[in-house]
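In: using only what follows, build the 3D model:
(2 chains, ligands or ions: 2)
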Amino acid sequence: MKTQTKIKVESLDFYYGQTQALFNVSMEIAEKQVTALIGPSGCGKSTFLRMFNRMNDIIDGTWHTGRVLIENMDIYNNGIDVVALRKKVGMVFQKSNPFPKSIYDNVVYGPKIHGVRGKAELDEIVERSLRDAALWEEVKDRLDLNAMQLSGGQQQRLCIARALAVEPDILLMDEPASALDPKSTARVENLIGELRRNYTIVIVTHNMQQAARVSDFTGFFYEGRLVEFDATEVIFTKPKNRQTEDYITGRFG
Amino acid sequence: MKSKTKSRAARNKAWELLAAGLIRAVSYSIVVVIGYIVLDIVVKGLPAVNWDFISTFPRKSGSEGGILPAIVGTAYLVAGAIVVAMPLGMASAVYLSEYASQGRFTRIIRLAIITLAGVPSIVFGLFGLGLFVIFFGFGASILSGSLTLAFMILPTIIVSSEEALRAVPQSLREGSLALGATRWQTIYRNVLPYALPGMFTGSILGVGRAAGETAPILFTVAAFYLPRLPSSVFDQVMALPYHLYVLATQLPEAEKVLPLQYGTALVLLLLVLIFNLAAIVLRNHFRKKVQW
Ligand SMILES: Nc1ncnc2c1ncn2[C@@H]1O[C@H](COP(=O)(O)OP(=O)(O)OP(=O)(O)O)[C@@H](O)[C@H]1O
Ligand SMILES: [Mg+2]
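Out: Numbering: from 1, shown residues only, chains lettered A, B, ... in the order given. Ligands and ions are numbered 1, 2, ... in the order given. As a prediction, the model looks like this:
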């Protein structure tokens, strides 16, 4: 691996109150690469992903041991500015969650919060983000339409555009295509292919082919443990672990 | 076998019809009862209500003349109660459901609030007498009365505001936080706009109650007979519900003032209606801005 490490996880244990959801997970995520997380439902993929932008903080009663470092900074240190962290680490959620505002206001939500005021600048951000999310052509004439009136696939791409608008470094995507039809899924996958030039992407997916198509590295989770983590072609052609093999060949999960 | 399932289907259908019929009968009878009460008040009160009645001062301890000071008094009291209780109640609701961690402490607070909502209004009256009138030395005054009413409607406002906040999907909060918004930015930009209509709706209930209650104002503000308008918040005032009570029970010529009683009741009813309408208009205005 000649790539640089962007995120480093060191023996992470994570708990929802009494129940442990992650067990001794260590992983190094490479910069400007796509890393896919796969595994059966409930194995802790979302939980793991949400560690990187500290979204688990907002759930009462959660705690962890171990460390998560981004660019060698422990993001759970006391001195860490969570707002700055979340600006840097964008997230697209499992269930698309556009705000019940206009398309325009959805995209400028982040930039406005971070102090961008100029109309021209905001307009430019909206166009660039929507273009990057492959949505611009479909909505450029109706930016003041309420986002709830878009189709499911358009909503998900709007959420991606919204995340891109704050110019993050890292993009976390939790099953971004799980609710989409094949065509929209293909668009989102193409999008990921485009975005990987500029972003470090971590994507959770239930779809083996998708993981194989879009990612450079793949981690297989099972019951809260990282069973195997390697280059995607290795995982999908000659996995070292029996469980991994069974899972990707569809013998369970 | 076949006839068995058939008879079960028939039985289910009969139950369905019976249940629907019962529920319909109950709701209709409620409407009928309310309709009768309102109609009774309107029919008997209307003759007494005219411009003079609502724009002049009472004479002879209220057995003659108008009810202007009572209208003004009630309006002041309700307005005062809203001004105090709405910000307090909404802020408490925001704290409880958005900031406080959902542990034992918040459970105890919630329990206290629900208990408070069930406390009889006369107890609030005595509380207001002890705290505002005597301890703080505000005397029997608009200030004391408004504060007492405010405390009485506070639980209603908190509970319904919390409900409205809970109705805003969690995913909107997460989406906002994930973009790097602070908690307050998230609440202010992405939660409150969608919760406010519901919060107002809840406050309507409190307002109606504040206008109609007698017990909380009995010791804290209400004047038996005071034929002039208040000049400061430290003045006593007459109030519609209490004036109604006085007319009905405290005057020797109760029979003679019967039309006045109905007139006062009608005005009180209309006043509550106006408050509610204003609140509904306000709510619709907000709702129009927020389209889901
Ligand atoms: N808020 C929560 N409180 C308590 N337990 C939770 C919470 N969220 C998740 N869990 C538990 O943690 C475990 C891991 O959940 P997680 O959502 O990370 O799984 P996942 O791999 O993303 O599953 P899926 O593929 O279905 O999305 C599950 O057993 C789940 O029940
Ligand atoms: Mg998940």
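
In: how about residue B:89, what does it touch?
Out: With contact set as CB atoms under 8 Å, 6 or more residues apart in numbering or on different chains, residue B:89 has these partners: B:153, B:154, B:156, B:157, B:158, B:161, B:203, B:206. To be clear about C-beta, it is placed using only N, CA and C from the backbone, and glycine gets the same treatment.

In: return the member of the residues you listed nearest to ligand 1.
Out: Of all those, the one with the least separation from ligand 1 (CB to the nearest ligand atom) is residue B:161, at 24.7 Å.

In: tell me how many other residues crowd the closest one.
Out: Counted by other CB atoms under 10 Å in any protein chain shown, the residues lying close to residue B:161 total 27.

In: for the chain, which segments count as helices?
Out: No chain was given, so I picked chain A. Along chain A, counting by DSSP state H, helices occupy A:45-49, A:82-88, A:103-113, A:119-132, A:136-139, A:152-164, A:182-195, A:208-214, A:232-237, A:242-248.

In: wrong one, chain B
Out: According to DSSP H, the helices that chain B contains are B:2-45, B:51-55, B:68-94, B:104-118, B:121-128, B:142-166, B:170-178, B:183-186, B:192-212, B:215-218, B:240-249, B:258-289.

In: would you format the ones you listed as a markdown table with distance to ligand 1 and mean pLDDT included?
Out: Converted to a markdown table, the helices of chain B look like this (distance: least, CB to the nearest ligand atom, whole Å; pLDDT from 0 to 100):
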| stretch | distance to ligand 1 | mean pLDDT |
| --- | --- | --- |
| helix B:2-45 | 37 | 89 |
| helix B:51-55 | 58 | 88 |
| helix B:68-94 | 22 | 92 |
| helix B:104-118 | 18 | 91 |
| helix B:121-128 | 40 | 94 |
| helix B:142-166 | 16 | 93 |
| helix B:170-178 | 10 | 95 |
| helix B:183-186 | 18 | 94 |
| helix B:192-212 | 22 | 83 |
| helix B:215-218 | 43 | 90 |
| helix B:240-249 | 49 | 89 |
| helix B:258-289 | 31 | 82 |
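
In: in the contacts of residue B:89, which residue is surrounded by the most others?
Out: residue B:158 (30 neighbours).

In: pLDDT at residue A:154, what is it?
Out: Here the pLDDT value assigned to residue A:154 is 90.

In: so can I have TSV of the helices of chain A showing mean neighbour count and distance to residue B:221?
Out: What follows is those, written out as TSV (neighbours: other CB atoms under 10 Å in any protein chain shown; distance: least, CB to CB, whole Å):
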stretch	mean neighbour count	distance to residue B:221
helix A:45-49	24	57
helix A:82-88	18	48
helix A:103-113	23	46
helix A:119-132	16	52
helix A:136-139	15	58
helix A:152-164	24	53
helix A:182-195	17	64
helix A:208-214	19	70
helix A:232-237	17	76
helix A:242-248	18	73
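
In: which residues of chain A lie near ligand 1?
Out: Applying the criterion CB under 6 Å from any ligand atom, the portion of chain A that neighbours ligand 1 consists of A:16, A:19, A:21, A:39, A:41, A:42, A:43, A:44, A:45, A:46, A:47, A:59.

In: what about 8 Å?
Out: Applying the criterion CB under 8 Å from any ligand atom, the portion of chain A that neighbours ligand 1 consists of A:16-17, A:19, A:21, A:39-50, A:59, A:61-62, A:94, A:174-175, A:204, A:206, A:221, A:224.

In: any quick PyMOL command for the buried ones out of those residues?
Out: A single PyMOL command suffices to select whichever of the residues of chain A next to ligand 1 are buried according to 16 or more other CB atoms under 10 Å in any protein chain shown:
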select buried, chain A and resi 21+39+43+44+45+46+47+48+49+50+62+94+174+175+204+221+224
